[in-house]
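**Q** here are the coordinates; sequence isn't available:
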């Protein structure tokens, strides 16, 4: 009997060629052995293994047949099959659909041989064993598969291999990109505000990744240009897929401007303000307030002129316009009014005349001039002089006697002060008289005297109102006695 590995053809041939040796007690030549080749009987569960049962008989010259000699050749299969195409790792680029065709081709691409027959390749792949490498939703990942090569007798060998789906492709814009916001009513954002307003959710609009999974956006720059009137934020960002592949230098812009005007509130001034003491102006300051969503300035206008406070206001009525203007040019205005008054009258000082004044030569008056003085907080004081209710001007012809002169100082705002002084004029010029010439005559007939008439003496004075009074003698037309009458 022989036990031989089924793959050892030479050994099988040698075993089949074996013959028994016969002998006989009478017949010296018993080489006429008859062999009956047995058919191969496969072993149960192992078709490559089994037995050949060969038998021999020999007959001597006398016709005696020997007992049957039996040979059993046992074929065994203890040799594992061998890989002709050994399982090997494979990495493919993600197609987004699980790379099913690549996977099937890979699973079916390995084979082996067996020394006694055929060998079958099996594997333990299940989709549940796939391990994602880039998170939920991504088709990238790998699966470890155990391949088994088994021959007909159950001899086997195993080999692990890894099927990997990698994603090296950046996401792409496949739809409509996000265009940003427009018409936002606000002032120019600060850098921090601009960066804080970046929307990663909006930025990835229209972007997809062939391998699936989440697509994210990461801001790399926020560039603010313009001013409150019209500003733009240009965002630069990088789009990333779940595996970290990047699509850089993508952009979108937000635009806006300030369309909201400030709201101004004017101060509430007093109705009137006095001049500063000793000055012809009132130094005043006022402050309007405003509210706005952006920065603003407040300017004050007197007519068309811009003024700043404190401001020196002369006497008068004023209307001030306050205008609040923000950086976008939006504005609001209000007005407030007040009056500056002069409550400081001038101070007048009357002149001090001499004790008395003589009449001018051959005149019935004394021509005099006087000047009062006045001080005031403002220029433009005028002084007028009055005798009674009558305004006079200097030089003035003062008549004999005491004359009271009133001086009134009036400032530009109509405030007054007054004082009085007396001018005393005396007449120190005597009148002149011219008597008629002496008269010499005879007594009238039958009289002891003569009726004499004569002209009244003539006289002259620098003032009107002089009169003549006879102080001695007889009036004209009297009967003058004989003799000298003065």
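**A** On my side now, so go ahead. Predicted, not measured: the structure shown is a model, and the values here were computed from it.
**Q** Around residue 128, how many other residues sit close by?
**A** The tally of other residues near residue 128 (other CB atoms under 10 Å) stands at 6. C-beta: built from backbone N, CA, C; applies to glycine.
**Q** Repeat that for the one 3 residues further on.
**A** Taking other CB under 10 Å as the criterion, the count of residues near residue 131 is 9.
**Q** I'd assumed residue 128 was in a strand, is it?
**A** No: under DSSP: H, G, I helix; E, B strand; the rest coil, residue 128 falls outside any strand and is assigned helix.
**Q** Please report the distance of it from residue 140.
**A** 17 Å (CB to CB, to the nearest Å).
**Q** likewise residue 218?
**A** 20 Å.
**Q** ok, now residue 328?
**A** Distance from residue 328 to residue 140, by CB to CB: 50 Å.
**Q** was I right about residue 229 contacting residue 256?
**A** No: using CB atoms under 8 Å as the test, residue 229 is too far from residue 256 to be in contact (10.2 Å).
**Q** ok, these two, which is more surrounded?
**A** Set side by side, residue 229 and residue 256 show more neighbours around residue 256, with 20 against 15, by other CB under 10 Å.
**Q** How about the more buried one: what's its closest non-neighbour residue?
**A** Nearest residue to residue 256 in three dimensions, chain neighbours excluded: residue 184, at 3.1 Å (CB to CB, 6 or more residues apart in numbering).
**Q** which sections of the stretch 201-350 of the chain are below the confidence cut-off?
**A** By pLDDT under 70, the stretch 201-350 of the chain contains no weakly predicted segment.
**Q** now the stretch 51-200 of the chain
**A** Ranges of the stretch 51-200 of the chain meeting pLDDT under 70: none found.
**Q** for the protein, what spans make up the helices?
**A** 9-16, 100-107, 191-196, 200-203 (DSSP state H).
**Q** So which bits of the second one are buried?
**A** In other words, helix 100-107. For helix 100-107, a neighbour-count test (16 or more other CB atoms under 10 Å) marks 102, 103, 106, 107 as buried.
**Q** Which other helices and strands does that helix contact?
**A** In terms of contacts (3 or more CB pairs under 8 Å, 6 or more residues apart in numbering; DSSP states H and E), helix 100-107 is packed against strand 90-93, strand 156-166.
**Q** Let's have the helices of the chain in a markdown table, adding distance to residue 352.
**A** As requested, the helices of the chain are exported to a markdown table (distance: least, CB to CB, whole Å):
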| stretch | distance to residue 352 |
| --- | --- |
| helix 9-16 | 168 |
| helix 100-107 | 130 |
| helix 191-196 | 81 |
| helix 200-203 | 96 |
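**Q** out of the ones you listed, which comes closest to residue 278?
**A** helix 191-196 (54.6 Å; CB to CB).
**Q** buried stuff in the closest one?
**A** Here helix 191-196 shows residue 194 as buried, counting by 16+ other CB under 10 Å.
**Q** same deal with stretch 402-415?
**A** 403, 405, 406, 407, 408, 409, 410, 411, 412, 413, 415.
**Q** do the same with stretch 129-144
**A** For stretch 129-144, the neighbour count (16+ other CB under 10 Å) marks 130, 132, 133, 134, 138, 139, 140, 141, 142, 143 as buried.
**Q** if we can go back for a sec, could you list which residues are in contact with the residue nearest to residue 256?
**A** Applying CB atoms under 8 Å, 6 or more residues apart in numbering to residue 184 gives the contacts 254, 255, 256, 257.
**Q** Would you agree residue 53 is in contact with residue 70?
**A** Yes: shown here, residue 53 and residue 70 form a contact pair, counting by CB under 8 Å, at 6.4 Å.
**Q** quick one: which of the two has more around it?
**A** Remark: of residue 53 and residue 70, residue 53 carries more neighbours, 16 against 13, as counted by other CB under 10 Å.
**Q** Spit out the contact partners of that one.
**A** By CB under 8 Å, 6+ apart, the neighbours of residue 53 are 38, 41, 70, 71, 72, 73.
**Q** Is it bridged to anything, and to what?
**A** For residue 53, the beta-bridge partners are residue 72 (DSSP bridges).
**Q** now it: how far from residue 1?
**A** According to CB to CB, residue 53 and residue 1 sit 10 Å apart.
**Q** just residue 255 next, same as before
**A** 99 Å.
**Q** how many neighbours does the closest residue to residue 137 other than its chain neighbours have?
**A** Once flanking residues are discounted, residue 137 sits nearest to residue 213: 4.2 Å by CB to CB, 6+ apart. When neighbours are counted by other CB under 10 Å, residue 213 registers 21.
**Q** same thing with residue 462?
**A** Neighbours of residue 462 using other CB under 10 Å come to 19.
**Q** Cross-check the contact I'm expecting between it and residue 364.
**A** Yes: at 5.3 Å, residue 462 counts as touching residue 364 under the criterion of CB under 8 Å.
**Q** Identify the contacts common to these two.
**A** residue 427.
**Q** residues touching the nearest residue in space to residue 285 that is not next to it in sequence, list them.
**A** Nearest residue to residue 285 in three dimensions, chain neighbours excluded: residue 309, at 4.0 Å (CB to CB, 6+ apart). By CB under 8 Å, 6+ apart, residue 309 lies in contact with 284, 285, 286, 287, 300.
**Q** For the first one, list each beta-bridge partner.
**A** According to DSSP bridges, residue 311 are recorded as the beta-bridge partners of residue 284.
**Q** got the buried residues of stretch 402-415 as JSON lines, with pLDDT and distance to residue 82 columns?
**A** Below are those laid out as JSON lines (pLDDT from 0 to 100; distance: CB to CB, whole Å):
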{"residue": "403", "pLDDT": "97", "distance to residue 82": "158"}
{"residue": "405", "pLDDT": "98", "distance to residue 82": "152"}
{"residue": "406", "pLDDT": "98", "distance to residue 82": "148"}
{"residue": "407", "pLDDT": "98", "distance to residue 82": "145"}
{"residue": "408", "pLDDT": "98", "distance to residue 82": "142"}
{"residue": "409", "pLDDT": "97", "distance to residue 82": "138"}
{"residue": "410", "pLDDT": "96", "distance to residue 82": "136"}
{"residue": "411", "pLDDT": "93", "distance to residue 82": "131"}
{"residue": "412", "pLDDT": "90", "distance to residue 82": "129"}
{"residue": "413", "pLDDT": "90", "distance to residue 82": "128"}
{"residue": "415", "pLDDT": "94", "distance to residue 82": "132"}
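**Q** Mind picking the one among those that's closest to residue 81?
**A** Once CB to CB is applied, the member of these that ends up nearest residue 81 is residue 413, at 128.3 Å.
**Q** Please report how far the closest residue to residue 288 other than its chain neighbours lies from residue 338.
**A** Spatial nearest neighbour of residue 288, chain neighbours left out: residue 322 (3.9 Å); criterion: CB to CB, 6+ apart. Note on residue 322: its distance to residue 338, by CB to CB, is 13 Å.
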